[in-house]
Structure formats: structure tokens, C-alpha cells
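Have a look at this prediction, sequence included:
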Amino acid sequence: MPRNMSPTSPVLPWKVRILLACLTVGLYLVQRRNGTVNRPLVKLAHLKIPARNKPRKGVKTKDITIDATRNLWFRLFIPTNIPSNVVLPVIIFFHGGGFAFLSPDFKYYDRVCRRIASNTPVVIVSVNYRLSPEHRFPSQYDDGFDTLKFLDETKIDYFPANTDLSRCFLAGDSAGGNLAHHVACRAGEMEFRRLRVIGQISIQPFLGGEERTESEIRLEKGILVTLKRTDWMWKAFLSEGENRDHEAANVTGPRAVEISKVKYPETMVVVGGFDPLQDRQREFYEWLKRSGKEVKLLEYPNVIHAFYLFRKVPEASQFMEEIKEFVHNVSAKFTK
């Protein structure tokens with residue numbers, strides 16, 4: 001029996017299935033065969049939520065610009081019902097979308113960040129980084145790292161007084177999980193003044209390689225994530241002439257960056273049993289262990305890629321509690 005110990009297909013609420021079908025059709029329409037994106041059509045279909053200074057479900061939001069010339073900004077999520085004597089760690093969050101799509105104001109990322117901020121509780125910095133293929137590697141990694149430097153060097157009046165930048169977590173799903181890892185590697189070689197990265201939440205990270213894995217072959221035509229689509233995304237992201245064994249994609253492969261001597265945060269790697277990328281994610285976990293890093297593997301056998309964005313999926317609520325526990329436990333190890 002396959003390692004995921006799952007039924008032959010995921011059990012999903014019908015509303016989630018309809019939404020996923022719409023997203024799949026949408027991706028098909030905007031991904032051009034020549035490797036470009038139909039941005040006007042993306043903009044037309046974008047489910048955008050504006051920032052709200054008035055609290056909604058115990059969280060208010062504010063968009064803050066870092067560099068207007070490259071459209072680098074972040075959405076700040078601030079829990080409003082937390083006593084002033086409770087220390088608030090910071091999660092720097094990178095959204096998914098194959099490096100080519102989506103943003104912090106996308107409806108489902110706004111909702112999930114609001115939920116994490118309220119439930120954990122934490123202050124969340126959700127980063128709008130540049131997208132491929134208009135901006136290729138390493139633009140996204142540069143934007144992620146520059147966000148850390150901005151937070152370290154800039155006094156942000158909107159941060160609550162009880163925000164603690166010395167208890168920072170990097171987090172991201174899919175491409176955002178890939179981005180978080182590479183930013184963590186850079187941050188481990190940097191001495192910040194105030195900011196300290198102590199943890200990482202790697203949610204079904206988007207990883208690749210030239211040789212196909214068993215799960216990629218078995219789930220080649222998966223829900224939302226397919227081999228054809230991920231191949232397109234890697235080609236759109238990586239530099240011209242590069243293949244999927246590039247160190248940005250195959251982080252554990254022949255060109256992997258050596259991190260055994262890099263200061264790397266304690267990490268939780270999240271894997272789904274119906275995610276074609278699961279074998280690569282497990283190997284990422286094993287590679288971190290071999291590199292001497294503190295890492296935890298969290299597996300959900302019956303979920304698809306990006307499951308936690310959909311509140312009606314039962315495991316999404318379980319995962320919210322796992323985030324809360326991980327942030328609490330790691331933060332408790334650090335004091336100012």
C-alpha cells in the first residue's frame with residue numbers, strides 16, 4: 001500500500017471541489033504556452049480584499065510599502081483582542097502560487113493569515129514579492145530577504161508595543177515555502193540589529209528536480225498541482241537555460257547549498273498525502289536532519305496541496321492548532 005495510507009482519492013467538501021475546479025480552469029487560461037502569463041486576465045479574475053483598519057474577527061490589517069519601484073510591500077495582520085502584557089511573535093509569511101501568481105490581498109491568503117494571527121496569536125507580515133516570468137530567480141529571494149532587513153531597520157508605527165521582532169518565524173506554503181527556506185539560509189549568515197529568526201513553518205514547499213519521484217509519477221494529474229503545471233512554473237521562474245536541478249528548485253540535490261554550518265531556524269515541514277510533491281518534502285525534512293538542524297515532520301495523509309487555505313477541510317483547523325503549538329513552544333525557548 002502507498003506510504004500515504006490514504007483512500008484512492010481525497011474526500012473534499014463539494015464547495016471546495018467546485019472552487020478547485022474553477023482555479024484549475026483559471027490557471028489553464030492564464031498560463032500561455034510560450035511561458036508568459038496573461039496578466040490582464042489574471043487582474044480581471046483576482047479575488048482581492050482591501051486592507052481593513054477596522055478589526056474583523058479580531059484582526060485589523062494595513063498595507064505597508066517597502067519599495068514602490070518593484071511593488072514590494074506587505075500586508076500587516078494585527079490581532080486586536082490580546083492583552084498588552086502578552087508578547088506577540090512575528091510571522092513573516094510568503095504566499096504560494098508557483099512564484100508566478102497570487103498576492104497577500106488574494107481572498108484566501110487574507111483569510112488564512114487573519115485566522116493564524118487571531119488563533120496563535122501573532123503579528124503577521126505577508127509579503128508581496130515580484131512574480132515570474134517577468135521577474136525570475138533570484139528576484140523573489142531578494143524581495144524576501146529585503147523585507148527582513150526593512151523590518152530590522154525601520155520603526156513601524158503600526159506594530160503593537162508588545163510585538164517582539166526577536167521572535168520571528170518564516171513561513172510559507174508551496175512556492176512560499178521554497179522562498180522561506182532560501183531566505184532562512186541568507187538570514188543565517190546575517191547579523192540583524194533587532195530581528196532574530198527562530199523558527200520556520202514550511203507548508204508543502206514547492207521543490208523540484210530532474211528525476212521524477214514516485215509520488216510525482218503516481219499523482220501526475222493531481223488536484224491543482226500537476227507535473228505539466230509545475231514544469232511550466234519552474235521554467236518560468238529559473239534563469240534561461242537552467243533545469244530543475246538548479247539549487248533553487250532541488251534544494252537537496254547535486255547543487256544543494258551546504259547549510260550544516262549555517263545558523264538555521266527550528267523547522268516544521270508539512271506534507272499532504274495527495275500532494276505530488278510529498279516525496280520531495282519528506283526528503284527536505286531528512287536533509288535538514290542530516291544537516292544537523294532541528295526539524296519536525298507533520299503529515300496529513302488525506303489532504304491535497306494547499307489544503308489549509310480551505311476552512312471546510314477538517315485538517316485545516318487541526319493545522320491551525322499545530323501552528324499555535326509550534327510557535328508557542330519555539331518562542332518559549334527564547335527571551336530578549
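Looks like it came in fine. Numbering: from 1, shown residues only.

Tell me which other helices or strands the longest strand along the chain touches.
Looking across the chain with DSSP state E, the single longest strand is strand 163-173. With contacts taken as 3 or more C-beta pairs under 8 Å, 6 or more residues apart in numbering; DSSP states H and E, strand 163-173 sits against strand 88-94, helix 139-153, helix 175-187, strand 197-203, helix 314-331. The C-beta positions use only the backbone N, C-alpha and C, and glycine is treated the same way.

and the angle for the longest one with strand 88-94?
The one in question is helix 314-331. Interaxial angle of helix 314-331 relative to strand 88-94 (axes from the mean of the first three to the mean of the last three C-alpha atoms, to 10 degrees): 130 degrees.

by how many degrees do helix 314-331 and strand 197-203 diverge?
Going by the same axes, to 10 degrees, helix 314-331 makes 170 degrees with strand 197-203.

Off-centre distance for helix 314-331?
15 Å (C-alpha atoms, centre = their mean, to the nearest Å).

neighbouring contacts of it?
Under the criterion C-beta atoms under 8 Å, 6 or more residues apart in numbering, residues 87, 89, 91, 115-116, 119-120, 122, 167, 169, 198-199, 201, 266, 268, 270, 296, 298, 300, 302-303, 307-311 lie in contact with helix 314-331.

average pLDDT across stretch 43-57?
The average pLDDT for stretch 43-57 rounds to 89.

Alpha carbons of it, as PDB, please.
Taking Å, rounded to 0.1, in the frame of the first residue of the first chain, the C-alpha atoms of stretch 43-57 are listed here in PDB:
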ATOM      1  CA  LYS A  43      -6.100  41.000 -12.800                       C
ATOM      2  CA  LEU A  44      -9.700  40.700 -14.100                       C
ATOM      3  CA  ALA A  45     -10.300  37.400 -12.100                       C
ATOM      4  CA  HIS A  46      -8.300  38.400  -9.000                       C
ATOM      5  CA  LEU A  47     -10.300  37.900  -5.800                       C
ATOM      6  CA  LYS A  48      -8.900  40.900  -4.000                       C
ATOM      7  CA  ILE A  49      -9.600  42.000  -0.400                       C
ATOM      8  CA  PRO A  50      -8.600  45.500   0.700                       C
ATOM      9  CA  ALA A  51      -6.800  46.200   4.000                       C
ATOM     10  CA  ARG A  52      -9.100  47.000   6.800                       C
ATOM     11  CA  ASN A  53      -8.200  49.200   9.700                       C
ATOM     12  CA  LYS A  54     -11.500  48.300  11.400                       C
ATOM     13  CA  PRO A  55     -11.000  44.900  13.200                       C
ATOM     14  CA  ARG A  56     -12.600  41.900  11.600                       C
ATOM     15  CA  LYS A  57     -12.700  38.700  13.500                       C
END
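
Buried ones in it, by neighbour count?
Under the neighbour-count criterion of 16 or more other C-beta atoms under 10 Å, stretch 43-57 has I49 buried.

Also stretch 140-156?
Buried-residue list, stretch 140-156, by 16+ other C-beta under 10 Å: 140-152.

Which parts of the stretch 201-336 of the chain are helices?
Taking DSSP state H, counting those that start in this stretch as the criterion, the stretch 201-336 of the chain carries its helices at 214-218, 227-237, 278-290, 314-331.
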